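*Asks:* Sharing a sequence plus its predicted fold:
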Amino acid sequence: MMMRTLILAAVLVGGCTSDDTDDSATQAGTASDDTGPTTHEPESTSASDTGDPIGSFEIGWGQDDFTPIADGDEFPIVVGGQGAQMFPMPLRGAEFFLPGNPTSWMDETGPLVDFEMDIEGWNNGPGGHFKRIANYTLDWVVLADGTYQSSFLAVIVPDGIDASEIEGETAHLWVRLRPHDQPALELELDVVVTVSAEFGG
C-alpha cells in the first residue's frame with residue numbers, strides 16, 4: 001500500500017525519530033503528547049465508550065505482508081539504513097466502523113490506535129514504557145473476505161538502543177483501537193523480541 005511505502009521512505013531517508021517524547025501520530029493532526037502515567041482509560045467520556053465493543057482486531061508483523069502475532073510469538077525488529085530500527089506492525093480486523101474512503105488516513109472518522117510496549121529493565125520512555133504511541137491514524141483496505149487490513153504502524157526502537165541489546169527479551173504489548181463513535185477494542189499479549197533482516201531483505 002502507498003502509506004507503507006511513504007512510512008518506510010520516511011524512516012530510510014530521515015532515520016529514526018526522537019524518542020524523548022511520546023511518539024504520537026502527526027499524520028492527520030490528531031496527535032496528543034501525553035507523557036504522564038498510563039491508566040488505560042478511554043480518551044473520552046462519550047456514550048460510545050459505555051457500550052459493547054463492535055467487531056474485533058488482531059495485530060501482525062510485516063512491511064508488505066501480514067503475519068499474525070499471538071501470545072508467545074516472536075516480534076521481529078527490522079534493521080535499516082542510517083541506523084533505523086523498527087517493528088512494522090499492521091492490524092487486521094472486521095465489523096468496526098471505517099470511513100467511506102478507508103485508504104485515506106486524513107479522514108477524521110478513521111480509527112485511532114494507541115500502543116504501549118513494556119520490556120523489563122528498558123521502560124525509560126514516556127509514561128514509564130519502552131515505547132508509547134498515541135492517537136495514530138492508519139490507512140485501511142477492505143479485503144476480499146470482508147475483513148480490513150491496515151498499513152503498518154512503525155514502532156521505532158528508541159534512540160540509543162541497539163536491537164541486539166533487547167533480542168530475546170519478552171515484551172508486553174497493549175494495543176487499543178478506537179473506531180469513530182464506537183467503543184474501543186483492546187488486546188494484550190506477550191511476545192519475544194527478535195531481529196530480522198534489513199529493509200527489503
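*Replies:* Received, thanks.
*Asks:* Determine which residue lies closest to the centroid of this protein.
*Replies:* Among the residues of the chain, the one closest to the centroid is residue 153, at 4.0 Å (Cα atoms, centre = their mean).
*Asks:* Wait, that one touches residue 136, no?
*Replies:* Yes - shown here, residue 153 and residue 136 form a contact pair, counting by Cβ atoms under 8 Å, at 6.0 Å. Just so you know, the C-beta spots here come from the backbone N, C-alpha and C atoms, and that holds for glycine as well.
*Asks:* Quick check: neighbours shared by these two?
*Replies:* Common contacts of residue 153 and residue 136, defined by Cβ atoms under 8 Å, 6 or more residues apart in numbering, comprise 113, 115.
*Asks:* Who are the packing partners of the strand ranked longest in the chain?
*Replies:* In the chain, with assignment by DSSP state E, the single longest strand is strand 185-198. Packing partners of strand 185-198 (3 or more Cβ pairs under 8 Å, 6 or more residues apart in numbering; DSSP states H and E): strand 56-61, strand 74-79, helix 163-166, strand 170-178.
*Asks:* again, only using 7 Å
*Replies:* Judged by 3 or more Cβ pairs under 7 Å, 6 or more residues apart in numbering; DSSP states H and E, strand 185-198 is in contact with strand 74-79, helix 163-166, strand 170-178.
*Asks:* List the buried residues for stretch 116-126?
*Replies:* The neighbour-count criterion (16 or more other Cβ atoms under 10 Å) identifies 116-119, 122-123, 125-126 as the buried residues of stretch 116-126.
*Asks:* what helix or strand is the closest residue to residue 57 other than its chain neighbours on?
*Replies:* Leaving aside its chain neighbours, residue 57 sits nearest to residue 93 (3.1 Å; criterion: Cβ to Cβ, 6 or more residues apart in numbering). Residue 93 is part of strand 91-94, with elements assigned from DSSP states H and E.
*Asks:* Can you say which two of the buried residues of stretch 116-126 are spatially most distant?
*Replies:* Spatial extent of the buried residues of stretch 116-126 (Cβ to Cβ) is set by the pair 119 and 126 at 14.4 Å.
*Asks:* before we move on, the earlier item: right, so of the helices and strands packed on strand 185-198, which gets closest to residue 132?
*Replies:* The nearest among these, by Cβ to Cβ, is strand 170-178 at 9.5 Å.
*Asks:* Mean confidence (pLDDT) on that closest one, please.
*Replies:* Averaging pLDDT along strand 170-178 yields 98.
*Asks:* Sheet partners, orientation included, of it?
*Replies:* strand 112-119 (antiparallel), strand 185-198 (antiparallel) (DSSP bridges).
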